[in-house]
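Student: Got a sequence here, can you build the structure:
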Amino acid sequence: MDKVQSRRNFLKKAGLVTAGAAGASTLATPYVMAQSTPIKWRLQTYAGAALGPHVTKPAVDAFNAAAKGEMEIELYYADQLVPTGELFRAMQAGTINAVHSDDDSMAAPVDISVFGGYFPFATKHILDVPALFNQHGLAEIWRDAYAKAGGVVWLSAAGQDPCHFNTKKPITSLADLQGLRLYTFPTAGKFLAQFGVIPVVLPYEDVQVAVQTGELDGMSWSGITEDYTVGWADVTDHFTTNNISGAWIGSWFVNEKSWADIPEHLQKLWLACIDAGHTYRNQWYWGGEASLRANGDKLKLTTIPAAEWAQVEDAALKFWDEIAAESETRAKVVGIFKEYNAMLKKAGGVYTQG
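Tutor: Take a look at the predicted model:
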């Protein structure tokens, strides 16, 4: 009997201890509660519903799977919550928590916004962007610029596709640009206007229809991978092999309070997922640009002769100097672009513009 009684007492005490330990664990570990009521973010991308699954969704999906219920990021495509041009203000105010965009398109009130998107001839290839940010000082400049603006944290930048023309009519000379109504980025449009281009601002999802109705003559917004992916190759006929920039410069941002409110391990997880998304885009764009030029059957390739195109390249250098004269920060960024491109020219081989 003593043994039975002792066993009963042991089990009773063990049960009480176990219950107590579980209670203590719950109280001592705040993130356990977050598993039943996960942290939620709303992230809007500059990209539309056809492009977004390649440029933004992989990072979001990876994070949501790895967060194991602690946190969930809801993804919204271009203009679904707010117009793209209002993304910065909405994020700063906390209306949305995070953004994937270029600085130029979202009208960020920072001195370096002019360099987001396609700054004429600043880059030659997709990998120039992470090299410039991680090895040549742009990351620090971007981080400081957004810290001064307040309310928004810059997290990471990466490259995407080059900026070509896809149009209804063939472009074989600079004269063919005269009067073309093109959908493009703000700074790229300002630069191209000197060659007769008429930049047109429209909601992203309206662009394809605008070509069909004649409101637009085409786009100077992307490379050939995007043209085929988003349907623009279905409404235009020609693609120029000349580009005004070798890679899009875009970034990932977050509302400052939203970032501070999540634990460090979730911050690190989100940064790792963003990096994984960069890797996916690198191969997706690079492979697509080659294969669709060689094998695509929707767009005919045209080229402006190199001697004539040199006028555009020379104009870009003058444009750089005009931008550099506007502020000390802009002068610093332009200086980095000049040093970097001089290095690529000296390196030769694969790094030359072709």
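Student: now the helices for the chain?
Tutor: Defined through DSSP state H, the helices belonging to the chain, from first to last, are 2-28, 31-36, 52-55, 57-66, 87-93, 128-135, 138-149, 186-192, 207-212, 224-230, 256-261, 264-295, 306-324, 328-347.
Student: Would you mark the buried spots in the longest one?
Tutor: What that stands for is helix 264-295. For helix 264-295, the neighbour count (16 or more other Cβ atoms under 10 Å) marks 266, 269-270, 273-274, 277-278, 281-282, 284-286, 288-289, 292 as buried. Heads up, the C-betas are built off the backbone N, CA and C, glycines and all.
Student: Closest one to Thr229 out of those residues, please.
Tutor: Proximity to Thr229 was ranked across these by Cβ to Cβ; first place goes to Gly288, at 7.8 Å.
Student: Quick one, grab the pLDDT at the residue nearest to that closest one when sequence neighbours are not counted.
Tutor: Take Gly288 and drop its neighbours on the chain: the residue closest to it by Cβ to Cβ, 6 or more residues apart in numbering is Thr225, 3.2 Å away. Here the pLDDT value assigned to Thr225 is 98.
Student: One more: Lys345?
Tutor: Each residue has a pLDDT score; the one for Lys345 is 89.
Student: For Ile39, see how far away it is.
Tutor: Here Lys345 is placed at a distance of 48 Å from Ile39 (Cβ to Cβ, to the nearest Å).
Student: between these two, who's got more neighbours?
Tutor: Applying other Cβ atoms under 10 Å to Lys345 and Ile39 shows that Ile39 carries more neighbours, namely 17 against 12.
Student: I'd guessed the more buried one sits against Trp259; true?
Tutor: No - the pair Ile39 / Trp259 is not scored as a contact, 11.5 Å apart, by Cβ atoms under 8 Å.
Student: Next up, the contacts around the nearest residue to Leu43 once chain neighbours are set aside.
Tutor: Of all residues beyond its chain neighbours, the one nearest Leu43 is Ala98 (4.1 Å), with distances taken as Cβ to Cβ, 6+ apart. Shown in contact with Ala98 (Cβ atoms under 8 Å, 6 or more residues apart in numbering): 41-44, 73, 91, 252-255, 258.
Student: now Trp259
Tutor: Applying Cβ under 8 Å, 6+ apart, one finds that Trp259 lies in contact with 153, 267.
Student: how close does the closest residue to Asn282 other than its chain neighbours sit to Asp217?
Tutor: Computed as Cβ to Cβ, 6+ apart, the closest residue to Asn282 that is not its neighbour in sequence is Ile126, at 5.8 Å. Counting by Cβ to Cβ, the separation of Ile126 from Asp217 is 27 Å.
Student: follow-up on the earlier one: any chance of the helices of the chain in CSV, with distance to Pro199 too?
Tutor: As requested, these are arranged in CSV below (distance: least, Cβ to Cβ, whole Å):
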stretch, distance to Pro199
helix 2-28, 57
helix 31-36, 46
helix 52-55, 22
helix 57-66, 29
helix 87-93, 19
helix 128-135, 23
helix 138-149, 25
helix 186-192, 3
helix 207-212, 13
helix 224-230, 18
helix 256-261, 32
helix 264-295, 24
helix 306-324, 15
helix 328-347, 21
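Student: So if I had to pick from Ile126 and Asp217, which one is more boxed in?
Tutor: In this comparison of Ile126 against Asp217, neighbours counted by other Cβ under 10 Å, the higher total goes to Ile126 at 24 against 21.
Student: Can you read off the pLDDT for the more buried one?
Tutor: Reading off the per-residue confidence, Ile126 sits at a pLDDT of 94.
Student: ok, it to Val153 distance?
Tutor: For Ile126, the distance to Val153 (Cβ to Cβ) stands at 24 Å.
Student: Now Lys339: closest residue in space, sequence neighbours ignored.
Tutor: One correction, residue 339 is Glu, not Lys. That would be His136: by Cβ to Cβ, 6+ apart, it lies 7.5 Å from Glu339.
Student: Wait, the one you found touches Ile336, no?
Tutor: Yes - A contact is recorded between His136 and Ile336 when judged using Cβ under 8 Å, the distance being 5.4 Å.
Student: tell me which residues in stretch 79-90 are buried?
Tutor: For stretch 79-90, using 16+ other Cβ under 10 Å, the buried residues are 79, 81-82, 84-90.
Student: Would you mind giving those residues as JSON lines with pLDDT and distance to Ala157 added?
Tutor: JSON lines is the format used below for the buried residues of stretch 79-90 (pLDDT from 0 to 100; distance: Cβ to Cβ, whole Å):
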{"residue": "Asp79", "pLDDT": "96", "distance to Ala157": "22"}
{"residue": "Leu81", "pLDDT": "98", "distance to Ala157": "23"}
{"residue": "Val82", "pLDDT": "97", "distance to Ala157": "22"}
{"residue": "Thr84", "pLDDT": "96", "distance to Ala157": "18"}
{"residue": "Gly85", "pLDDT": "96", "distance to Ala157": "20"}
{"residue": "Glu86", "pLDDT": "97", "distance to Ala157": "21"}
{"residue": "Leu87", "pLDDT": "98", "distance to Ala157": "16"}
{"residue": "Phe88", "pLDDT": "98", "distance to Ala157": "15"}
{"residue": "Arg89", "pLDDT": "98", "distance to Ala157": "20"}
{"residue": "Ala90", "pLDDT": "98", "distance to Ala157": "20"}
